[in-house]
Structure formats: C-alpha cells, structure tokens
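Next come a sequence and a model predicted from it.
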Amino acid sequence: MPLTPKPAAAGVPAAGTQRKTLIQKFTDLCVRYVERFMPDPFLFAVILILLVVVMILLWVPNASGTGILTSWYQGVWGTNNIFTFALQMVLILVSGYTLAEAPAVKKGLIWLASKPRNQVEGALMCFGAAAVANVLNWGLGLVVGALLGRRIFARLSNANFGYMVAAGYMGYMLWTNGLSSSIALANTDPSSKLNVIYTLTHQLVPLNLTILQPYSYVTVLVAVVALALLIWKMAPQQTDDVDREALLAAESTVPAVPVPVKGVRRTFAERLEGLWILNVLLFLAGATYFVISGFALNISSMVMLFTILAALLHGTPIRFIRAFTEAAKTCGPLLLQYPLYGGIVGLLAYAPDSHSKPLQTVISAAIVAGASVATLPFLNFLGSIVISLFVPSGGGHWGVQGPIAVAAAQQLGQTSPEYLGKISMSVAAGEAVANMIQPFWLLPVLAIAKLSVRKVMGYTVAAFLVGFVIFGVAMLIAPHV
C-alpha cells in the first residue's frame, strides 16, 4: 500500500495547546539533558573503559599498566574474547529481524500499523507488540517496535518519532523474563560456559524455577501495565526534526528478488534459488533435532528455531538469503562495540597476582556484604544495574557477577535450585532495567529507525525509574514465595 503521510486524527491537540503534566515536564527535562550530554554509544563504551581503568588503579592493589593493557587486549581480541557469545547474540538479532520481514509477519505488522489514530495509540501499539515479541525472542522484540514505529510514523504527520521508537524499546525490558533469556537458558545447559550455577554446584536450574515462577511472570504483567500508563502520560506535545523522506524511502526498500520473465528460461542456479522445498527441508531438519533434543531451550537452539522459521516463512532460498543479508546491516554498531565490552570484561577480571582480588569481585562483594537470605536477591539486583553499565549483555554479565552471587548464596547455606534460580533472575532483572539507560542494545533499533541515541534515550530514563521500582520490589518479595 502507498506510504503517503496522513494527518493526525481529529481531537489531537496541537503543540503547546495543553499544559504539560508532571511526567511530561520530567521527560522533557530528560530529553533536553540527554541531547546535551549523551555521547555516541561508541564513545560511551570508550569512556567506560577509561573509568574501569581508573577504578582498577584505585581499588586493585599492585595493578600495573602492562597488566591492565594485557587484560584489556585479551578481552578484546585475545584468549578471553567473547567472539562466540557475540556471534550468538548477533545471530539472535538477525534471525529475529529476518523473521519480522517474512511476508506473513510483515503483512501482520502493516495491518497493526494501520490501526493507531494518533501518536499515543501508535506508541502503545509499538510497546505492546514489542513486549509480546520480546517475551518470545529478544531479537524479534528489538526490531518489531522500530519497524512498527517506522510504519506508523509514515501515516501520522504530527507524531514524535523518537517517542514512538522509545516506547517500542521499552518492551525490551521484558526479554530477560522471556523464552530467550540468556541467563535462564544457560542455567539449563550443562555444556554452557555461562552456566555458573552448574560450574559451582553441579546443579541445573530448569525454566520452571526461573522465568515460569510467579515472581517472574507476575512482575512482567505489572511492568506492562505500568509502562503503558507511563507511555500514555509522557506523550510529548512537540514533534521532532526527523527526515521523513529518508524513512519513507527506507520503508519502501525491500530486498530485490528476481521475478521470472515469461518466455525466458531460468538458469539452473536461478531454479535452485527459487526451490522452496530446500527451505522446507531445512525447517524439518531443525524441527526434528529440536524434538530429538527433548525440546532443549538454550541460546543456540533459539538461534536455530528462529532461523529455520524465518526460512520457512520466506518461501524460497533467495528471498530468505536477501532478507537475512538486509537484516545483518543493522549489526555493524554491535560488531564494532562488542569487542570493547569484551575488553571491559577482561579488565574487570584483572588481578595482578594470586593474592589480589579483581575489580569485579571487589564491586560484587561490596554490594552483597552483610546480605541475608531475604536481601541477597535485591542486593544482587542493585549490583546488576551497576555492572550492566559496564557489561550490557545478559549472558556476559552473568559470567562476571554470577560467581560472586552464587558464592554469596552458598555462604548463606542456600544451594537449592529454587533459591539459585532466584539469584540468577535477580541479576537478569537488573540487566533488563539497566538497558533503559545503557545505549548498547539501542544500536540496532537506531539503525532501523535512522535516529540518533539522543532522540530516544531521554524517554527511556523515565522507564528505567519505573522498572527499578517494579523489579526491585519483585526481588524483595521473591525470597518469600
């Protein structure tokens, strides 16, 4: 259908015709300061590296410049790099985006985008769709909100695009409690390097003791309601200066797929590229293995499931290949910055000698010092928010904080899978909330929306505060249920 802009629905007030609510005033303040002080996410990562180096010099005795540099290198490109995990994360994102661009799914998104009558309804639509998608797969959830926002903005001339994209990104707060939660999935896999609990206690924690617990799914429901109310109340009265023509051009661009010309024989290669049965065989092979594996849910199986489902829904191999290639274009910023965060992980683990504690141990131990059985999950939640600023990845972050969190539980005599599941989810909750103020996972969203981080993050600061309260209360309640 043509992407001609339509005016906003009747009854939507023009800019400046209403007095701003308290939430709108606070959001405007956040937007103003973020636009003034927030650097590009790459520079944000560089600043974090420098901050960690200063903290090492202050809190890690006997630290040397050579040792610090070596630890940084080993985390970025050396033996302690996070390349395998980074590739898994990129594949989850790309497979989710490819699935969202499948004809059947895309048709559904276009239908949803046709329903909102004003920017508030549009923002709530972006948030609702992204929230549902994030519970299923965070890669799909990240892109759905941005794609919907782009299509809705094409229809509503008086909408604030940054506000709608931010609303979609708020749905990402729910991914750690969903089916693609890297920490919860790692807990189920004895072969995973991220299964800290199995490494330390030789126990597996199934999903019914983490994301399927009431303290998890009830929190998700409460967060959905609270964030929806926030989105409604924070709606800006002013539009933003977004290049609408560039967005419309991007929305109209689809991967070129050769169309058979009548009377012209296709080559053997072209026939293979259009052989839909190959995609069906790929799907059946993957689905069969999933059944044979006992429906094992882990990071690799989630990548496989979304890849084969995307292949099936795209029909022909060539359509799937080109959609996947187009989706991969959003990963450039991630590929650039993931090594830097690997370097931060390396720095956090740096210890000059066997008698010195690395910075990650110093920070984590300080946060959980004096914890009790009832307060440990909440203190881990607080620590997780801090550590997520330096390691914005659920799995990689668990690798940093997890050993300290599990060791603290062991010191309290709490080694049951039930309690350790709560410990792992407390760390996951902190990472989920911190994503609202850590710009790393905004990068693919910004690539799709063609926006700068300054247009979006001002709105997500308020979401961080709401999430902090909701998930924080959940972690205080979790030990008692």
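It's in. Note that the structure is a prediction, hence the values are computed from the model and not measured.

how about low-confidence regions in the protein?
1-18, 243-263, 297-298 (pLDDT under 70).

which one is Leu309 nearest to, not counting chain neighbours?
Leu99 (6.1 Å; Cβ to Cβ, 6 or more residues apart in numbering). C-betas here are computed from N, CA, C, even on glycine.

count of residues packed around the one you found?
30 (other Cβ atoms under 10 Å).

and it, what helix or strand is that in?
helix 83-100 (DSSP states H and E).

any idea how far Gly413 is from Val481?
When distance is defined by Cβ to Cβ, to the nearest Å, Gly413 is 19 Å away from Val481.

Same question for Asn81.
Between Asn81 and Val481 the distance is 40 Å, computed by Cβ to Cβ.

again with Phe161
In terms of Cβ to Cβ, Phe161 sits 41 Å off from Val481.

Same drill for the two, tell me which one is more crowded.
Phe161 (27 against 10).

Who are the contact partners of that one?
Applying Cβ atoms under 8 Å, 6 or more residues apart in numbering to Phe161 gives the contacts Gly149, Phe153, Asp240, Val242, Leu247, Ala449, Leu451, Lys455.

Flag every buried residue along the helix or strand just after the helix holding Leu99.
Tracing the chain past helix 83-100, the next element assigned as helix or strand by DSSP H and E is helix 103-113. Across helix 103-113, burial judged by 16 or more other Cβ atoms under 10 Å covers Val105, Lys106, Leu109, Leu112, Ala113.

okay, those residues in a markdown table with distance to Gln360 next?
Shown next, in a markdown table, are these (distance: Cβ to Cβ, whole Å):
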| residue | distance to Gln360 |
| --- | --- |
| Val105 | 40 |
| Lys106 | 43 |
| Leu109 | 41 |
| Leu112 | 43 |
| Ala113 | 44 |
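
so which helix or strand takes in Tyr169?
Using DSSP H and E, Tyr169 sits in helix 161-170.

Helices of the stretch 201-350 of the chain, residue ranges please.
Ranges of helices in the stretch 201-350 of the chain, per DSSP state H, counting those that start in this stretch, are 214-233, 244-252, 268-273, 276-292, 299-314, 317-328, 332-348.

I meant the stretch 51-200 of the chain, not that one.
Counting by DSSP H, counting those that start in this stretch, the stretch 51-200 of the chain has helices at residues 65-76, 83-100, 103-113, 119-136, 138-153, 161-170, 182-186, 196-201.

what's the second one packed up against?
Looking back up the chat, that one is helix 83-100. Packed against helix 83-100 by the contact rule (3 or more Cβ pairs under 8 Å, 6 or more residues apart in numbering; DSSP states H and E) you find helix 103-113, helix 138-153, helix 299-314, helix 317-328, helix 332-348, helix 394-411, helix 443-449.

follow-up on the earlier one: which residues touch the residue nearest to Leu309?
By Cβ under 8 Å, 6+ apart, the residues touching Leu99 are Val105, Leu140, Phe306, Leu309, Ala310, Leu313.

For the first one, give its distance to Gly315.
Going back to what we said before, that points to Val105. 12 Å.

now swap in the second one and tell me
Taking Cβ to Cβ as the measure, Leu140 and Gly315 are separated by 19 Å.

follow-up on the earlier one: now, which of the buried residues of helix 103-113 sits nearest Gly396?
Looking at the buried residues of helix 103-113 and their distance to Gly396, the nearest is Val105, at 29.3 Å (Cβ to Cβ).

Skipping adjacent residues, who's closest to the closest one in space?
Excluding its sequence neighbours, the residue lying closest to Val105 (Cβ to Cβ, 6+ apart) is Leu99, at 6.1 Å.

what's the answer for Leu312, then?
Closest to Leu312 by Cβ to Cβ, 6+ apart is Phe283, at 4.2 Å.

Contacts only, for the one you found.
Contacts of Phe283 by Cβ under 8 Å, 6+ apart are Ile308, Leu309, Ala311, Leu312.

swap in Thr460?
Per Cβ under 8 Å, 6+ apart, neighbours of Thr460: Ala166, Tyr169, Met170, Met436, Ile437, Leu442.

From Arg454, how far out is it?
With distances taken as Cβ to Cβ, Thr460 is found 12 Å from Arg454.

Apart from its chain neighbours, what residue comes closest to Ile92?
Nearest to Ile92 is Gly139, by Cβ to Cβ, 6+ apart, at 4.0 Å.

Sorry, wrong one. I was asking about Ser95.
Per Cβ to Cβ, 6+ apart, closest to Ser95 is Phe306, 4.0 Å.

The one you found contacts Val94, doesn't it?
No. Using Cβ atoms under 8 Å, Phe306 is not in contact with Val94; the gap is 9.2 Å.

overlap in contacts of these two?
What both Phe306 and Val94 touch, as defined by Cβ under 8 Å, 6+ apart, is the set Gly139.

Need the distance between the two termini of stretch 70-83.
This stretch, stretch 70-83, spans 18 Å end to end (Cα to Cα, to the nearest Å).

ok, residues contacting that stretch?
Here stretch 70-83 makes contact (Cβ under 8 Å, 6+ apart) with 49, 338-347, 349-350, 393, 396.

Kindly recompute the last result at 10 Å.
Stretch 70-83 has contacts (Cβ atoms under 10 Å, 6 or more residues apart in numbering) with 49, 52-53, 56, 63-64, 88-89, 338-352, 358, 391, 393, 395-396, 399.

Can you say which of the residues you listed are buried?
By neighbour count, with 16+ other Cβ under 10 Å, the contacts of stretch 70-83 hold 49, 52-53, 56, 63, 88-89, 338-352, 358, 391, 393, 395-396, 399 as buried.

Quick one: distance of stretch 450-466 to the chain centre.
How far stretch 450-466 lies from its chain's middle: 14 Å, per Cα atoms, centre = their mean, to the nearest Å.

Which of the contacts of Phe283 ranks first by neighbour count?
With neighbours taken as other Cβ under 10 Å, the top of the contacts of Phe283 is Ala311, carrying 28 neighbours.

wait, what's in contact with that residue?
Residues near Ala311 by Cβ under 10 Å, 6+ apart: 95, 98-99, 102, 276, 278-283, 286, 317, 319-321, 323-324.

ditto for Ala407
For Ala407, the contact set (Cβ under 10 Å, 6+ apart) comprises Val196, Leu200, Thr361, Ser364, Ala365, Val368.

Narrow those residues to those that are buried.
For these, buried by 16+ other Cβ under 10 Å: Val196, Leu200, Thr361, Ser364, Val368.

Which residues does stretch 287-301 contact?
With contact meaning Cβ under 10 Å, 6+ apart, stretch 287-301 is reached by 85, 88-89, 91-92, 179-182, 184-189, 191-192, 194-195, 206-207, 211, 286, 304-305, 308-309, 312, 394-395.

What subset of those residues is buried?
Those of the contacts of stretch 287-301 that meet the buried threshold are 85, 88-89, 91-92, 179-182, 184-189, 192, 194-195, 207, 211, 286, 304-305, 308-309, 312, 394-395, by 16+ other Cβ under 10 Å.
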